[in-house]
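J.: After the sequence you'll find the predicted model.
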Amino acid sequence: MRNIKTQNFESVMRILFLIVVILVLSAPARAADEDIGKSSSVIMMERIEIIVYGEPNKGGLIERMNSVEKELFGRSLPGSISERHTATLNFLETGTADQPSMLFKLGVAEWIVGNLQPRKSAIARLETLETDLDGVMRYGEPLAMRVERILSSLVAEPVTFQEAILPGATVLKARFLQELSPAKSKKDDFVGLALTDDLFVDKILVAPKGSLIDTRVREVKQPRAFGVPGEVRLQFNTLMPLGSQRPLVTFSAAAKKATDEAKKFGDKGEGSIIGAGAASIGGAILLGPVGLLGGALIRGNSVKIPEGSVMFLEVSGDARISGYPVPEGLRIDPDATIRESIVPTTTTTTTTTVTTTTKGVPASDTSITLPPEQKVE
């Protein structure tokens, strides 16, 4: 006789499979709405495999699709190859009206255990969670069931999502994950830049500590004759939060103000603080946009930005974003220091509180009054 826990997991898998089948049946309409149909099957297949495995596989599309579906769900899905591609991507990245995506759930689980790893494949992230929590990796079980099993061991209620408005000019404090220099950079390189704190809108977690800011090397110029220095131009693109939305980021007045205040009052032990028009790190100058929207310029020959250097950016405009409404039981450490993020002055009577905290979530009865003047403390 099977125990109740086994029956519950089988029920969850039946529900998940039903959701994916519904996604398949609605795939043509969703593809048209989201303009996915412009992508080729090969590109979509590679995108799925990179999310799941970390790299694309080889072979025919049908064979590869069957393989990834069995990895995720334990069986193949019905429908055309295009419908199956769309449904699987939606399951991984977007979710449904009632269910967050698998990547969203993985991010929540990692946030709870304090080890976000957004640059790794879904399989690698899940294996790390299983090792940390159980000491055993459950090979042979569908990934969808393994994610649900992890979440059931961490939270009593199913993980849900809620939409919120992330205000424009909200400051994002980020840290460089590796050394950056003109000598080592190449065009189109991904630059590791990650949030230093959890980002909440009210009590909704929208981006855990460690969430990446999509930053790329736009252009590299090598040193030239007569002492002309080399240059690296960076392009700051979007915040990569729990949900599938990608709020645009930039360096403007709010970020500059945060940079100036951090340099004046900040913790000198947290790493070099850099910013547009004011920073000098070993001779590397970061200037303003320099013709780039949300960009920066690093100039010099042998200079570098050290790993761990801090930079402030900001959300370029109000953005609707999905986040995790954190249950009361996870709002730990109510006495943790809460650092106020920059929130734009508004003429409406609606108040949105945006906070960052290094531990847990502010207690439910904690109120934060933001002065009219934007500030970072």
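T.: Cool, the structure landed.

J.: how about low-confidence regions in this protein?
T.: 1-39, 227, 266-303, 331-377 (pLDDT under 70).

J.: All the helices of it, residue numbers only.
T.: Ranges of helices in the chain, per DSSP state H, are 4-25, 27-34, 41-53, 61-73, 81-89, 102-113, 122-133, 143-154, 253-265.

J.: buried residues in the last one?
T.: Right, the one you point to is helix 253-265. 254-263 (16 or more other CB atoms under 10 Å). In this view, the C-beta of every residue, glycine as well, is placed from N, C-alpha and C.

J.: again, but for the fourth one
T.: For helix 61-73, burial by neighbour count (16+ other CB under 10 Å) applies to 64-65, 67-69, 71-73.

J.: Most widely separated two among the residues you listed?
T.: Arg64 and Phe73 (14.9 Å; CB to CB).

J.: can I have stretch 189-197 written out in PDB, keeping just the CAs?
T.: Taking Å, rounded to 0.1, in the frame of the first residue of the first chain, the C-alpha atoms of stretch 189-197 are listed here in PDB:
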ATOM      1  CA  ASP A 189      31.300  38.800 -23.400                       C
ATOM      2  CA  PHE A 190      28.800  38.400 -20.600                       C
ATOM      3  CA  VAL A 191      29.900  40.400 -17.600                       C
ATOM      4  CA  GLY A 192      29.000  38.900 -14.200                       C
ATOM      5  CA  LEU A 193      27.100  41.600 -12.200                       C
ATOM      6  CA  ALA A 194      24.900  40.400  -9.400                       C
ATOM      7  CA  LEU A 195      22.600  42.000  -6.800                       C
ATOM      8  CA  THR A 196      24.200  42.300  -3.300                       C
ATOM      9  CA  ASP A 197      20.800  42.100  -1.500                       C
END
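
J.: buried set for it?
T.: Neighbour-count burial for stretch 189-197 [16+ other CB under 10 Å]: 189, 191-197.

J.: Next: stretch 123-131.
T.: Per 16+ other CB under 10 Å, stretch 123-131 contains these buried residues: 123, 125-130.

J.: Of the residues you listed, which is the nearest to Ser185?
T.: Using CB to CB, the buried residues of stretch 123-131 come closest to Ser185 at Arg125, 27.2 Å.

J.: what's the span of stretch 232-247, first residue to last?
T.: Stretch 232-247 has an end-to-end distance of 24 Å (criterion: CA to CA, to the nearest Å).

J.: Okay, buried residues for that stretch please.
T.: Under 16+ other CB under 10 Å, the buried positions of stretch 232-247 are 232-245, 247.

J.: Could you do stretch 144-163 as well?
T.: In stretch 144-163, counting by 16+ other CB under 10 Å, buried: 144-152, 154-155, 159, 161-162.

J.: Just give the closest residue to Pro100, not the sequence neighbours.
T.: Of all residues not flanking Pro100 in the chain, Phe161 sits nearest, at 4.3 Å (CB to CB, 6 or more residues apart in numbering).

J.: separation between the one you found and Gln245?
T.: For Phe161, the distance to Gln245 (CB to CB, to the nearest Å) stands at 11 Å.

J.: Same question for Lys203.
T.: Applying CB to CB to Lys203 and Gln245 gives a distance of 19 Å.

J.: mind giving me CSV with the helices of the chain and columns for distance to Thr170?
T.: Shown next, in CSV, are the helices of the chain (distance: least, CB to CB, whole Å):
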stretch, distance to Thr170
helix 4-25, 32
helix 27-34, 26
helix 41-53, 27
helix 61-73, 34
helix 81-89, 28
helix 102-113, 19
helix 122-133, 27
helix 143-154, 28
helix 253-265, 8
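
J.: which stretch among these comes nearest Thr96?
T.: Of these, nearest to Thr96 by CB to CB is helix 4-25, at 5.8 Å.

J.: quick one on the thing from earlier: give the contact list for the residue nearest to Pro100.
T.: The neighbourhood of Phe161, defined by CB atoms under 8 Å, 6 or more residues apart in numbering, consists of 95, 100, 104, 242-243, 322-325.

J.: List buried residues within those.
T.: Of the contacts of Phe161, these count as buried by 16+ other CB under 10 Å: 95, 100, 104, 242-243, 322-324.

J.: now these in CSV, with distance to Arg224?
T.: Compiled in CSV, the buried ones among the contacts of Phe161 are given as follows (distance: CB to CB, whole Å):
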residue, distance to Arg224
Gly95, 50
Pro100, 51
Phe104, 47
Leu242, 44
Gly243, 44
Ser322, 47
Gly323, 47
Tyr324, 50
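
J.: Inside strands: which ones of these?
T.: Taking DSSP state E, the ones among the buried ones among the contacts of Phe161 that sit in strands are 322-324.

J.: what's the closest of those residues to Ala207?
T.: Nearest to Ala207 among those, with distances taken as CB to CB, is Gly323, at 7.9 Å.
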